[in-house]
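[1] One predicted model, sequence on top.
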Amino acid sequence: MAKILHLPVKQPSKFGFKRASKRKKDPEQLGQLNLFSSRKGRILHLPSRFTLFEEALLLDERDDPKAAELYREAIAADDCVADAYCNLGILESRAGSTDKAFDCFTKSLKQDPRHLEAHYNLGNLYFEMENLRLAQQHYEMAAEIDSSFPNIYFNLGLVQAIIEDFNAAVTALSKYKELVSTEEADKADELLNSLKRSLAVQH
């Protein structure tokens with residue numbers, strides 16, 4: 001007889017999308033002089049303003065609707081293309097344009113196959129579409145890229161609980177608890193307790 005996982009009355013919601021920020025560059029590319037360089041001295045031309053991607057990100061963080069257009073301009077200018085596609089995908093999803101969101105996240109991964117936020121956000125999008133197999137796949141890829149990002153493990157644990165892979169769900173949620181504060185860990189406790197009760201019944 002199949003076992004039924006009795007989740008809390010109000011199942012905890014997954015964590016939402018994560019914006020990409022500009023990737024780290026070589027210090028000299030950021031206008032910092034390498035004092036130990038053997039190369040001849042030169043004049044550094046500091047940027048007079050933010051890049052298109054940086055401007056878009058600032059607007060995005062203020063929920064300014066102009067952010068989407070600036071992300072498109074950044075893509076056209078070859079400025080942080082993977083990050084721009086990723087963040088544009090979040091905006092498309094919030095606007096209800098799921099197909100466009102998928103397209104943006106996919107293009108982000110085409111630019112950078114190990115783009116953490118694109119994998120994580122695709123996982124969230126597949127979760128919302130109830131395609132749990134692909135959601136799990138992208139969360140696991142994200143965890144391989146950055147094992148210190150706790151939200152991955154919470155969402156992965158939710159997926160695994162829903163598909164009744166209880167042992168894996170307990171492992172993922174326990175990992176989440178290791179990475180967050182005691183207060184934040186409370187979010188996982190009720191679900192973890194339910195999973196452990198279900199495992200006890202199985203054995």
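    Perfect, I can see it now.

[2] Helices of the protein, residue ranges please.
    Here the chain has its helices, by DSSP state H, at 52-61, 67-76, 81-94, 98-111, 116-128, 132-145, 150-162, 166-179, 182-202.

[3] so can I have a markdown table of those showing mean pLDDT and mean neighbour count?
    Heads up, the C-betas are built off the backbone N, CA and C, glycines and all. As requested, the helices of the chain are exported to a markdown table (pLDDT from 0 to 100; neighbours: other C-beta atoms under 10 Å):
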| stretch | mean pLDDT | mean neighbour count |
| --- | --- | --- |
| helix 52-61 | 95 | 19 |
| helix 67-76 | 97 | 19 |
| helix 81-94 | 97 | 24 |
| helix 98-111 | 97 | 18 |
| helix 116-128 | 96 | 24 |
| helix 132-145 | 98 | 19 |
| helix 150-162 | 95 | 24 |
| helix 166-179 | 95 | 19 |
| helix 182-202 | 84 | 15 |
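
[4] quick one, which of those is nearest to K18?
    helix 116-128 (4.9 Å; C-beta to C-beta).

[5] Quick check: which helices or strands does the closest one pack against?
    helix 81-94, helix 98-111, helix 132-145, helix 150-162 (3 or more C-beta pairs under 8 Å, 6 or more residues apart in numbering; DSSP states H and E).

[6] Would you mind giving the helices of the chain as TSV with distance to A20 added?
    As requested, these are exported to TSV (distance: least, C-beta to C-beta, whole Å):
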stretch	distance to A20
helix 52-61	8
helix 67-76	10
helix 81-94	4
helix 98-111	8
helix 116-128	4
helix 132-145	12
helix 150-162	14
helix 166-179	20
helix 182-202	22
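
[7] which one of those helices lies closest to R19?
    Using C-beta to C-beta, those put helix 81-94 closest to R19, at 5.2 Å.

[8] now the angle from the closest one to helix 52-61?
    Interaxial angle, helix 81-94 versus helix 52-61 (axes from the mean of the first three to the mean of the last three C-alpha atoms, to 10 degrees): 30 degrees.
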